[in-house]
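**Student:** Following is a predicted model, sequence given first.
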Amino acid sequence: MNEELVSIITPVYNSEKFINETATSVFNQTYTNWEWILIDDCSTDKSWYILNKLSERDSRVKIYKNTKNLKSGITRNLAIKKAEGDYIAFLDSDDLWHKDKLAIQIPFMKENNYFFSHTSYGYIDEKGDKIKSTLHVSIEVSYKQLLKRTEISCLTAIYNANKIGKFYMSEHANKQDYALWLKILKSGVKSYGIDQELAYYRQVNNSATSNKYKLILKHILFLKETQSFSTLEALYYTAYWMINGFVRFFVK
């Protein structure tokens, strides 16, 4: 089967500790027709040096450097603009992919004429050891369903830019990737899930999950500002979000 080009989008900021491990999971993909676009967002560690080494190792690795710190959402958008692939995939600089992720997910989309998809994923700690249980995904997800359960994760999402055009991250302060998925789904395109653990989200000790009440308020404001919801609508969907996802992320 002819392999269509996949553009992998990765913002990089002070990622020297994990980026080589992430790179190994990309280089080990059994699906080989990909380009990996990494943009360094003014890192202060050795990230840029490592990116140069990766680009020397493989011509499919394309590296760029921001002239000022723009944060992850805008940096991803710059990478999307540079992407030449039929498919746009996302992988953060500390997360990992199963070696067959693209080999499973791209044919799944192509054979079923799906334009947006995501997969189940696991959790790893800073050492790369597995923690928690797998987050299993639904068969299909619509706009209203994603508002109630945020199961599409950045490290698993792929959309077909050749079919639906390029969609970009929100410049909102938080949840830029979630806003992007909602934008795609609101256009009428559903996301189809593969219930296989094909990616691994790294949960680090300094993850911003300490103040639960602030997170709830931020979610309400996010819905009001990005989805133009009334306070009542934002509270309604936030309640579902809390029930379906809050316990999972904060209670082991």
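**Tutor:** Structure's in. What do you need? Numbering: from 1, shown residues only.
**Student:** Only C-alpha atoms from now on, for both contacts and neighbour counts.
**Tutor:** Noted.
**Student:** where does the stretch 151-252 of the chain have low pLDDT?
**Tutor:** By pLDDT under 70, the low-scoring segments of the stretch 151-252 of the chain are 206-211, 245-252.
**Student:** change it to 80
**Tutor:** Scanning the stretch 151-252 of the chain for pLDDT under 80 picks out the ranges 173, 205-213, 245-252.
**Student:** Would you map the helices across the protein?
**Tutor:** Remark: helices assigned in the chain by DSSP state H are 19-27, 47-57, 71-82, 101-112, 143-148, 161-164, 176-186, 212-227, 231-241, 247-250.
**Student:** Mean neighbour count for those - can I get that in a markdown table?
**Tutor:** Listed next are the helices of the chain as a markdown table, based on neighbours: other CA atoms under 10 Å:
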| stretch | mean neighbour count |
| --- | --- |
| helix 19-27 | 19 |
| helix 47-57 | 16 |
| helix 71-82 | 20 |
| helix 101-112 | 16 |
| helix 143-148 | 17 |
| helix 161-164 | 15 |
| helix 176-186 | 20 |
| helix 212-227 | 16 |
| helix 231-241 | 17 |
| helix 247-250 | 11 |
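**Student:** And those helices: which comes nearest L135?
**Tutor:** With respect to L135, and counting by CA to CA, the nearest of the helices of the chain is helix 247-250 at 9.0 Å.
**Student:** if we can go back for a sec, can you put the helices of the chain in TSV and add distance to K127?
**Tutor:** Below are the helices of the chain laid out as TSV (distance: least, CA to CA, whole Å):
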stretch	distance to K127
helix 19-27	11
helix 47-57	19
helix 71-82	23
helix 101-112	22
helix 143-148	31
helix 161-164	35
helix 176-186	25
helix 212-227	26
helix 231-241	30
helix 247-250	19
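**Student:** who wins for proximity to T134 among the ones you listed?
**Tutor:** Ranking those by proximity to T134 (CA to CA) places helix 247-250 first, at 10.6 Å.
**Student:** how close does D41 get to T75?
**Tutor:** Counting by CA to CA, to the nearest Å, the gap from D41 to T75 is 7 Å.
**Student:** what residues do these two have in common as contacts?
**Tutor:** Shared contacts of D41 and T75 (CA atoms under 8 Å, 6 or more residues apart in numbering): 11, 66.
**Student:** Start and end of stretch 167-177, how far apart?
**Tutor:** The first residue of stretch 167-177 is 11 Å away from its last residue (CA to CA).
**Student:** same thing with stretch 120-140?
**Tutor:** One end of stretch 120-140 sits 12 Å from the other (CA to CA).
**Student:** centre of the chain versus that stretch, how much separation?
**Tutor:** On the basis of CA atoms, centre = their mean, to the nearest Å, stretch 120-140 sits 14 Å off its chain's mean C-alpha point.
**Student:** swap in stretch 52-62?
**Tutor:** When C-alpha coordinates are averaged (CA atoms, centre = their mean), stretch 52-62 and its chain have centres 22 Å apart.
**Student:** Identify all contacting residues around that stretch.
**Tutor:** For stretch 52-62, using CA under 8 Å, 6+ apart, the contacting residues are 23, 34-38, 63.
**Student:** Between all of those, which two are separated the most?
**Tutor:** W34 and I63 (14.1 Å).
**Student:** So between the two, which is more surrounded?
**Tutor:** Ranked by neighbour count (other CA atoms under 10 Å), W34 and I63 place W34 first, with 24 against 17.
**Student:** so who does that one touch?
**Tutor:** By CA under 8 Å, 6+ apart, the contact set of W34 is 5-8, 60, 85.
**Student:** hmm, try it at 7 Å
**Tutor:** 5-7, 60 (CA atoms under 7 Å, 6 or more residues apart in numbering).
**Student:** Can you tell me how far it is from V26?
**Tutor:** W34 is 9 Å from V26, where distance means CA to CA.
**Student:** what's the answer for D92, then?
**Tutor:** Relative to V26, and taking CA to CA, D92 is found at 11 Å.
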